[in-house]
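Peer 1: Requesting a structural model of the entry that follows:
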Amino acid sequence: METKIYKITDPEKDRDKIAEAAEVLKNGGLVAFPTDTVYAVGAIISNNDAVKKLFEVKNRPEDNPIGVLVARDLDMHLVADVTAPNTQIASDFIEKFWPGPLTLVMPCLEFRVPLAAVAGGNTIGVRQPDNAIAKALINECEEPLAAPSANISGHPSPTTGQHVIDDLNGKIDMILVGEDCPVGIESTILDLSHDHPVILRQGAVSKEELQTVSPRKILEVPQQDSPQTGAAMGEK
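Peer 2: Now for the predicted structure:
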């Protein structure tokens with residue numbers, strides 16, 4: 001496969017490239033792009049075949065669920081496309097930490113989310129990235145993207161365009177190269193599907209920061225004990 005590689009300096013000035021990438025995604029292709037944490041490789045969430053290709057390209061275990069990236073700062077309809085959130089507690093975390101490096105695990109809408117993406121589970125990890133290229137691409141697609149980190153599973157999570165090229169050139173349809181990812185580590189994953197919020201993976205947002213928002217005690221589980229620790233773009 002020939003991979004198109006585009007340098008994006010400004011999503012507004014490079015709208016033609018963003019539009020082309022969105023068309024690739026809408027037609028079932030895979031596109032890598034930068035986020036605030038690490039680079040992601042995306043597929044349209046409603047396309048089951050495209051989501052399956054993500055697993056194949058990354059050599060990702062089928063029991064490792066894929067998280068979803070959403071956009072639109074002032075319109076949460078994309079979140080509602082994939083999950084039925086605990087509205088009150090989710091909205092508090094969303095208001096404080098989105099866009100940003102926090103993935104929220106919530107019940108998924110099974111009729112909207114491919115079974116492959118949730119690895120047989122009933123929850124989905126959702127995040128709004130704080131990156132202009134990522135947000136422009138998702139908005140152009142007009143639906144969420146299933147988007148794990150843009151690397152072969154087991155390799156370090158990519159923080160530069162060159163990292164993505166080294167791993168995925170020739171394996172996916174397009175790579176959008178922007179600036180290096182400023183956060184440089186994976187998002188924190190917080191499960192809201194229980195009585196108390198549970199940290200499934202510690203990342204860029206600390207437990208102490210999360211606790212300032214939550215009226216309930218935030219719990220933690222060891223990463224190896226959680227089936228959902230891969231539910232965000234950025235697993236090792």
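Peer 1: what does the average pLDDT come to for whichever strand or helix holds residue 165?
Peer 2: Taking DSSP states H and E as the criterion, residue 165 maps to helix 161-168. For helix 161-168, the mean per-residue pLDDT is 98.
Peer 1: and what of stretch 120-136?
Peer 2: For stretch 120-136, the per-residue pLDDT averages 92.
Peer 1: Pull out the buried positions in it.
Peer 2: For stretch 120-136, burial by neighbour count (16 or more other C-beta atoms under 10 Å) applies to 121, 123-136. Where C-beta positions appear, they are placed from N, C-alpha and C, glycine not excepted.
Peer 1: now stretch 37-57
Peer 2: Quick answer for stretch 37-57 (16+ other C-beta under 10 Å): 37-48, 50-55, 57.
Peer 1: distance between the ends of that stretch?
Peer 2: 21 Å (C-alpha to C-alpha, to the nearest Å).
Peer 1: can you tell me which of the buried residues of stretch 37-57 are in strands?
Peer 2: Residues of these located in strands (DSSP state E): 40, 41, 42, 43, 44.
Peer 1: Dump those to CSV, plus pLDDT and distance to residue 187.
Peer 2: Listed next are these as CSV, based on pLDDT from 0 to 100; distance: C-beta to C-beta, whole Å:
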residue, pLDDT, distance to residue 187
40, 98, 11
41, 98, 15
42, 97, 15
43, 97, 19
44, 95, 21
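Peer 1: quick revisit: could you single out the nearest of the buried residues of stretch 120-136 to residue 191?
Peer 2: residue 123 (7.3 Å; C-beta to C-beta).
Peer 1: Double-check the closest one against residue 109; I have them as touching.
Peer 2: No: using C-beta atoms under 8 Å, residue 123 is not in contact with residue 109, being 10.9 Å away.
Peer 1: Setting aside sequence neighbours, what's the nearest residue to residue 105?
Peer 2: residue 191 (4.2 Å; C-beta to C-beta, 6 or more residues apart in numbering).
Peer 1: quick one: the strands in this structure?
Peer 2: 4-7, 31-33, 40-44, 68-69, 102-107, 123-127, 145-146, 174-177, 188-191, 198-201, 219-220.
Peer 1: Include distance to residue 16 when you put the ones you listed into CSV, please.
Peer 2: Shown next, in CSV, are the strands of the chain (distance: least, C-beta to C-beta, whole Å):
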stretch, distance to residue 16
strand 4-7, 10
strand 31-33, 15
strand 40-44, 19
strand 68-69, 22
strand 102-107, 31
strand 123-127, 27
strand 145-146, 20
strand 174-177, 12
strand 188-191, 35
strand 198-201, 37
strand 219-220, 45
